[in-house]
Structures are given as C-alpha cells and as structure tokens.
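S.K.: Just the structure for this:
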Amino acid sequence: MLLKTDINISIDTIKINFDTEALWILNIALAVIMFGVALSIKLTDFKRLLQKPKLLLVGVFSQFFLLPALTFVAILIIKPHPSFALGMMMIAACPGGNVSNFFSKMAKGNAALSVSLTAFATVICLVMTPFNLQFYGGLYEPTNAILKTVELNPFELFKLVLLILGIPIILGMALNHYYEKVAKKIEALLKPFSMIVFLALISIAFYENIEIFLEHIHLVAALVIFHNIGAYIIGFYTAKGFGLDKRDQKTISMETGIQNGGLGLLLIFQFFDGLGGMALLAAFWGIWDVFSGMILGAYWGKKNN
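M.R.: Below is the predicted model of the structure:
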C-alpha cells in the first residue's frame, strides 16, 4: 500500500512524452490558429464592445477576475495536490479558447460578442495571465513552494504569450483591414487546416501517452470536470446577475468555461519542465472542455430561448 507521500512523489515525477520538437510544433500551431481567428476580426469588433462597455466589463470580470479568484477559493477548500492546484491556477489564468466561438454559435449565443471577447481577452491576457498565475500561485503556500523552484520570469511569460497570441492577432487583423478579400480566402483554407493540425498533434500526444493517461487520469478527472462546470456556472450567472440577455449569458458562459488548455500546456512545458501534475491536468482539460462545450452548445442550441 502506497503512503500519501509516495503518491505525491509519483505524481510529481510523471513525465508526459512531449519533446522539444513537439513543443515547437504546438507553438506554431497555436500561432497559426490565432492568426486564422484574427483574419475574421476587425477594429469594429472592438468598437462594438466599447460602445457597449457593460458587455466588455462583464466578460472580462467573469473570465479574468472571478474565475481565478473562485478557483483559488476552491483550492483552499479542496486542498488538491500542489501541482494539481497550480495546474488549476494556470488554466484559470489563460484566456478563452478560440473554439468557444464555434460553441457559442452552436448554442445560439451572441457570435459577434464571442469573437470580440476572444480577441479582447487575447490582448489583455498578455498582462493578466502572468499576473494571475503569479499572484494566486504566490498566495497559496504549496504552490508558492513550486514557483520558487522554477524561474518563472513574468516578463519571459509575457514575451511568449505575445509571440504566440499577440503578434498573430495583430498580423491577422492587419491583413483583414488592408486586404479583406485576401484575408477571407486565406481564412477559408487556414482555419480548418490549422484546427486539424492542432487536433492531430493533441491526438498524437494522447496516443503516445495513453498508458500514463489510463494509469493517472482518475487523479485529475473529478477536479477538471468540477472546475470546468464551475467556470460555465460562473460565466452564466455573472452575466445574468448584471442583467444581460439570454444570448449574452450563454456567450459569456462559453467564454469563461472554454479556456485555452493548449496555451496552458505550452506554458507548463516551457516554464515548469512539464511538471507531472500540472501537465496531466491541463492535458485532460484540453480534451474535456471541447467535449463539455459540444454538449452544452448542442443542449442550448435545441432550446427555443
């Protein structure tokens, strides 16, 4: 029978097979996906949000303030293994995943709001992702102990997020602004192709780590499912509490519940050397939230309101 200490050690020594070459491919895939997303974003999307600042403020408040704060409270109550706790903080600190746009449309939500919030969240995550991870990770002693063992330079984290998300967004928007017809043609080809490449990469990584997943997935499954459902609830009832209509409630729920697990996984391998518990949790999140988003989107899409 394993002692709790032995279990903790085994979790921290889990090594997901993900080499430097695969990391670079994931880097490029994420950048290409964000470039593809940006090809459909215009400055008017941001202007639309600024004209209705309530939508913008509620979306940002739910995703970048409430979700990380309530994740921290949940960690204080549940007291998961430290690397799982830091993985939850990492996921909560990431911006929404771009598949949220697809699921918002499926749910008969506000597709324009979803795209606009994704774009805006991607811009402000350059600051908020490093801040939230460092802030909440430093407040909780078990995760603070992990942060002290790694060189988590907030500026280096900012540079990586800027490189993967910020620059592709700027380039994609610029192309759409100056060469809209060209942008539409590229988007039609690039969006499905980049998503296929990204999903293929995740599938290959999953296949190469199938034994690790089967052996350890039970350790994070309940945490991820609880965290993900909680994120949907936070988004939905925050929007409802601020008096937004049903379409906007569904959209902000999706934007809060569908977090960019791919970015989280990338940051974990880049800055935490693929720390077992963090990587396992983020990898399962990336699979689970697509599944849950599809179910929720289909359910809301079939309802009349």
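
S.K.: The residue lying closest to A231 once chain neighbours are set aside and F236, how far apart?
M.R.: Spatial nearest neighbour of A231, chain neighbours left out: G257 (4.3 Å); criterion: Cβ to Cβ, 6 or more residues apart in numbering. No exception for glycine: its C-beta is placed from N, CA and C like everyone else's. The spacing between G257 and F236, counted by Cβ to Cβ, to the nearest Å, is 9 Å.

S.K.: so what's G172 up against?
M.R.: Listed by Cβ atoms under 8 Å, 6 or more residues apart in numbering, the contact partners of G172 are 34-39, 41, 183.

S.K.: Please identify which helix or strand holds it.
M.R.: In the assignment (DSSP states H and E), G172 maps to helix 167-178.

S.K.: So what's the gap between that helix and the chain middle?
M.R.: Mean C-alpha position of helix 167-178 versus that of the full chain (Cα atoms, centre = their mean, to the nearest Å) differs by 22 Å.

S.K.: And for stretch 31-48?
M.R.: 17 Å.

S.K.: State the mean pLDDT of that stretch.
M.R.: Mean per-residue pLDDT for stretch 31-48: 74.

S.K.: Then stretch 223-238?
M.R.: 95.

S.K.: same check, this time on stretch 88-97
M.R.: In the prediction, stretch 88-97 has an average pLDDT of 89.

S.K.: circling back: out of the contacts of G172, flag the one nearest to P82.
M.R.: M34 (30.8 Å; Cβ to Cβ).

S.K.: burial of the closest one, as a residue count?
M.R.: The burial count assigned to M34 is 25, neighbours taken as other Cβ atoms under 10 Å.

S.K.: Could you report the distance from P95 to F155?
M.R.: 19 Å.

S.K.: These two - which one has more neighbours?
M.R.: Using other Cβ under 10 Å, the more surrounded residue of P95 and F155 is P95, with 27 against 8.

S.K.: which residues of the stretch 201-305 of the chain fall in helices?
M.R.: 210-241, 246-257, 261-271, 276-302 (DSSP state H, counting those that start in this stretch).

S.K.: mean pLDDT for those helices: which is lowest?
M.R.: Looking at the helices of the stretch 201-305 of the chain, the bottom one is helix 261-271 with a mean of 80.

S.K.: Could you figure out how far that one is turned away from helix 276-302?
M.R.: 170 degrees (axes from the mean of the first three to the mean of the last three Cα atoms, to 10 degrees).
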